[in-house]
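1. Got a predicted model here, sequence first, then my questions.
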Amino acid sequence: MDIINVKNLQKSYGNHHVLNGLDFQAQAGEIIGVIGKNGAGKSTFLEIIMTIKDYDAGEVVVLNENLQGLSTNQIELIRKEIAVVLQPTHYYKNLKVGELLRLFKAYYKSEIDINKVIEDFKLGPHKKTYFDKLSGGWKQIVSLAIAFLSKPKLLILDEPTTGLDPHMRNLLWSYITEYNNRNGGTVILTTHYMDEIEMYCDKVMLINEGKSELFATPENILSLGYKSVHEFYLNKVSI
Ligand SMILES: Nc1ncnc2c1ncn2[C@@H]1O[C@H](COP(=O)(O)OP(=O)(O)OP(=O)(O)O)[C@@H](O)[C@H]1O
Ligand SMILES: [Mg+2]
């Protein structure tokens, strides 16, 4: 089953054509990285497949449903299957980590044991800390732990590791790959770290000039003669 199937996607902000014929597919269980320069349209693309941003033309199928013409109720059903982690937010100012997890457990009607989540995500020392007072890395870890409470079929992450130190990046990726291995969950993320594409992603899409310029495996890229995905990127994308 196609988890996502996008054909000829077009999206403009006023006269600015950001996406101009983008194609993309994700099969169940894949981890796919989306790359491209600042302003290429990566977040715009993610927001469209999250169903929170509309688009001008093209076909967008998410979890077997064509988004065009869906009712609000049908959109709600799709959203229940998707979890999202955006850049660190300050939404949760007045709640401690433990309180937040319990709140979202109730919201998602989740059966998951919160003490186990706190143990799994090494959140013990932070459970009584206000979310707002956590470092950026721990905010991302808590956001991921919250996202998993809903047992999502599809996990969408916008630059989940930006600004994290090497250990925090490893920790975050260990949770993502474990979710993927254990539940067969599909992951679509953006990153500017090309080493993450090589290490963790099954496929990579490069957005350039509003199009999916490349949609391949990291091995495909290396087999073209590039030493790394980083080198490929610098070669293909101009400033
Ligand atoms: N709501 C909006 N209204 C007008 N222009 C927008 C809006 N959102 C994004 N843009 C513009 O669309 C383009 C693509 O933005 P987007 O955030 O999708 O890029 P990105 O690839 O995620 O970049 P980055 O790597 O910096 O996160 C940019 O030029 C941006 O300024
Ligand atoms: Mg972005």
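-> Received the coordinates, thanks. Ligands and ions are numbered 1, 2, ... in the order given.
2. How about residue 36: what's its closest non-neighbour residue?
-> Once flanking residues are discounted, residue 36 sits nearest to residue 207: 3.7 Å by C-beta to C-beta, 6 or more residues apart in numbering. C-betas here are computed from N, CA, C, even on glycine.
3. again, but for residue 193
-> Sequence neighbours aside, residue 161 is the residue nearest to residue 193 in space, at 6.4 Å (criterion: C-beta to C-beta, 6+ apart).
4. Number of residues surrounding that neighbour?
-> A count of neighbours around residue 161, defined by other C-beta atoms under 10 Å, yields 22.
5. for it, helix, strand, or coil?
-> Three-state assignment for residue 161 (DSSP: H, G, I helix; E, B strand; the rest coil): coil.
6. does it really touch residue 196, like I thought?
-> Yes. Under the criterion of C-beta atoms under 8 Å, residue 161 makes contact with residue 196 at 6.7 Å.
7. anything in contact with each of the two?
-> Common neighbours of residue 161 and residue 196 are listed as 169, 173 (criterion: C-beta atoms under 8 Å, 6 or more residues apart in numbering).
8. Point out the residues in the protein that sit beside ligand 2.
-> When proximity is defined as C-beta under 5 Å from the ion, the chain approaches ligand 2 at 42-43.
9. Quick check: phi and psi on the residue positioned nearest the centre of the chain?
-> The centroid of the chain falls nearest to residue 157 when counting by C-alpha atoms, centre = their mean (2.0 Å). Dihedral pair for residue 157: phi -130, psi 120, per degrees, to the nearest 10.
10. What score does it have for pLDDT?
-> Note for residue 157: predicted pLDDT of 96.
11. measure it to residue 145 for me?
-> 13 Å (C-beta to C-beta, to the nearest Å).
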